[in-house]
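> Got a sequence here, can you build the structure:
(2 chains)
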Amino acid sequence: MRPVIVVHGGAWAVPDALAEVSVAGVKAATRAGNVTLMRGGGALDAVEVAVRTMEDDPAFDAGHGAVLNTDGEVELDALIMEGRTLATGAVSSVRNIANPVSLARAVMEKTNHVMLSGKGANLFAESIGVPTLPTHALVCEQERKEWEQYKNYDIGVKELFRAQWAHDTVGAVALDSCGNVASATSTGGIRYKMVGRVGDSPVIGSGGYADNRSGAVSCTGHGESILKVTLARLILSHMDRGKAACEAVERSLRYMGERVQGGGGAVAVAPTGDWTACFTTERMAWAAIHGGILHYGLNPREKFKETLK
Amino acid sequence: MLPVVVVHGGAGHIPKDRAEISYVGVKEAARAAYSILRSGGSAMDAVVEAVAMLENNPVYNAGRGSVLNVKGEVEMDALVMDGRTLASGAVSAVRRVANPIRLARLVMEKTSHLCLTAEGASQFARTMGVPEVPEESMITDYARMRWKKNLDPDTNPMECQTGKMGTVGAVAVDLEGNVACATSTGGMTNKMEGRVGDTPCVGCGGYADNHIGAVSSTGHGETIMKVTLSRLILFHMEQGTYTGIYRSVEPRINEPSEATLKGGPTAGLTRQCQARGL
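Numbering: from 1, shown residues only, chains lettered A, B, ... in the order given. Below is the predicted model:
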């Protein structure tokens, strides 16, 4: 079984100024996840490493680089799931943690629960020695300036921004050499989101899903739309019925566009090793490694290749 | 054939001495919801009304009567979903609100978001003029008794769910053929602070789609989440994998303390709506 890892840095209208760092970021994350797989690490380890790499990268809206809610604070969501046992961990609206995906994994491995939210999630982090960072350590100056600039606009304008703004959730899926799949997704949400807003990212079946029988998916895009159609689970239901990963994702995104007028993207891998990265937004930075080849892209229908040294 | 409403008061081990009052509450809620539907009210109005009644009834684990978290506090989750538009509203880990289901509906109708959690949900409640209720008014002696009993570190987390009913919920089809679902809970007794179960997660605690049907789930939350139970049931109904609603539910019931109810949107689907407690 040849391992596969596929990573995305968010489906949205990535501005030209961020194009290069976004592509560099997903490539670095994919390489890091691939190293884990090549050393015999499992799919779960690989997706965690890949997502941590992007959480540490201020180019993406997850961990470092998160956007601010309407109160000027950082609230983070993450989900991780492994396909053999369906074990899952998630955190929603957790404050000021550098690596929410790892905290989500700790929920999965150290508690009897699947999801912790808000203050409870932070208390758990504290109890296992995960440090809380000051907001300024996670939010870049540019984000703070933009937030300041727009905070005095009325609700209507803020709503407009919420609808249009960055959906650069990050995520990864992997298939390891034992045939196990896993999925991980992490986000700082949307700028000016209401305090306590929970999007699709930490919600199992929407932001991501993994099942050894069907495959693994990580989604990105307009969170509310993704939730309404339980996008990750929808994609896997098509794969369950024998559709190729690419067709499953395309169909599901098309349905989401038609039924609830939402845009987005997803990465997916099947137990056979079939994989895809598709999106209906203007851009999505993505990268994948399979069979010693690094694939990547940003714009629609783009697919570049590099041989790994 | 229409309208239809199905209500549940939670799957779990219901002791004999609580059986009678369990029957009374769900029957009352179903009657009230049906009355709304018969006079042309929407499926959404009906399910919200049914669940709000069960939240107000201290016998059930939702609203007043909710189980307590490990700190002895009440944290509640709720979800509504409209099958026509797939619009949805949810609150998770919300405190000191008498009717989380009504707050979930407000999230759906008054915000551009689907889910608000914890302090954010309370903040929103305040802006909507939803009164904050004292926590004491929501805590019953029964809930407190269960909590104390399970503080003992030797208690088995799964076992401690017995003797207490789970989540409440309702599904309905109105005279126009629209479906809706609503689910509400105090969660799992002695849960960790901030623990969110299946209830407020779209596709887990409930799902509604006019093209297929509506489901509200109850049982062991973490297990329901892992299989996205409500969405899974509707996948089977959509494919006609099993004949009728009853059979779609059956294969899913292989976990302890799990039961689901649903209603289909068309006259063609059987009216066999089954509640099972294991």
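> okay, CA-based contacts and neighbour counts for the rest of this
Will do.
> pull the longest helix from the chain.
Answering for chain A, as no chain was given. Secondary structure of chain A per DSSP state H: the longest helix is helix A:16-38.
> Can you look at chain B instead?
Per DSSP H, chain B has its longest helix at helix B:16-38.
> Can you name every helix or strand that it contacts?
Contacts defined by 3 or more Cα pairs under 8 Å, 6 or more residues apart in numbering or on different chains; DSSP states H and E place helix B:16-38 against strand B:4-8, helix B:43-56.
> Compare the ones you listed and give me the one nearest residue A:206.
Nearest to residue A:206, of all those, is helix B:43-56, at 22.8 Å by Cα to Cα.
> Next, the distance between the ends of stretch B:60-69.
Stretch B:60-69 has an end-to-end distance of 16 Å (criterion: Cα to Cα, to the nearest Å).
> Figure out how far it is from the centre of its chain.
Stretch B:60-69 sits 12 Å away from the centroid of its parent chain (Cα atoms, centre = their mean, to the nearest Å).
> who touches it?
With contact meaning Cα atoms under 8 Å, 6 or more residues apart in numbering or on different chains, stretch B:60-69 is reached by B:9-10, B:22, B:54-59, B:74-76, B:97-100, B:137-140, B:142-144, B:146-147, B:164-168, B:184-193.
> Try it again at 7 Å.
B:9, B:54-59, B:74, B:98-100, B:138-140, B:143, B:147, B:165-168, B:184-193 (Cα atoms under 7 Å, 6 or more residues apart in numbering or on different chains).
> what subset of the residues you listed is also close to chain A?
Among the contacts of stretch B:60-69, the residues lying close to chain A (Cα under 7 Å from any Cα of the partner chain) are residue B:193.
> Out of the contacts of stretch B:60-69, which end up buried?
Applying 16 or more other Cα atoms under 10 Å in any protein chain shown to the contacts of stretch B:60-69, the neighbour count classes B:9, B:54-59, B:74, B:98-100, B:138-140, B:143, B:147, B:165-168, B:184-193 as buried.
> Which ones among the residues you listed map onto strands?
B:168, B:184, B:185 (DSSP state E).
> and which of those is nearest to residue A:17?
Using Cα to Cα, residue B:184 is the member of these that lies nearest residue A:17, at 45.5 Å.
> residues touching the closest one, list them.
By Cα under 7 Å, 6+ apart, the contact list for residue B:184 reads B:62, B:77, B:78, B:79, B:101, B:167, B:168, B:169, B:199.
> follow-up on the earlier one: list the buried residues for the longest helix of chain A?
Buried residues in helix A:16-38, counted by 16+ other Cα under 10 Å: A:19, A:21-34, A:36-37.
> Same question for stretch B:149-156.
residue B:150.
> Check the offset of that stretch from the chain's centre.
Centroid separation for stretch B:149-156 versus its chain: 26 Å, with Cα atoms, centre = their mean.
> what about chain A, any weak spots by pLDDT?
Applying pLDDT under 70 to chain A flags the ranges A:152-168.
> Sticking with residue A:186, tell me its helix or strand.
strand A:181-187 (DSSP states H and E).
> just checking, what packs against the helix or strand that comes right after that strand?
Sequence order places strand A:197-198 as the next helix or strand after strand A:181-187, per DSSP H and E. The contact analysis (3 or more Cα pairs under 7 Å, 6 or more residues apart in numbering or on different chains; DSSP states H and E) places strand A:197-198 against strand B:115-117.
> Next, the contact list for residue A:119, please.
So residue A:119 contacts A:94, B:194 (Cα under 7 Å, 6+ apart).
> Which element, helix or strand, includes it?
Assigned by DSSP H and E, residue A:119 falls in helix A:118-127.
> In the helix or strand following that helix, which residues are buried?
Using DSSP H and E, the next helix or strand after helix A:118-127 towards the C-terminus is helix A:135-138. By neighbour count on 16+ other Cα under 10 Å, the buried set for helix A:135-138 is A:135, A:138.
> Likewise for stretch A:262-269?
A:262, A:263, A:264, A:265, A:266, A:267, A:268, A:269.
> close to chain B, is it?
No - using Cα under 7 Å from any Cα, we find that stretch A:262-269 stays clear of chain B, coming within 12.1 Å at best.
> Among the buried residues of stretch A:262-269, which lie within strands?
A:264, A:265, A:266, A:267, A:268, A:269.
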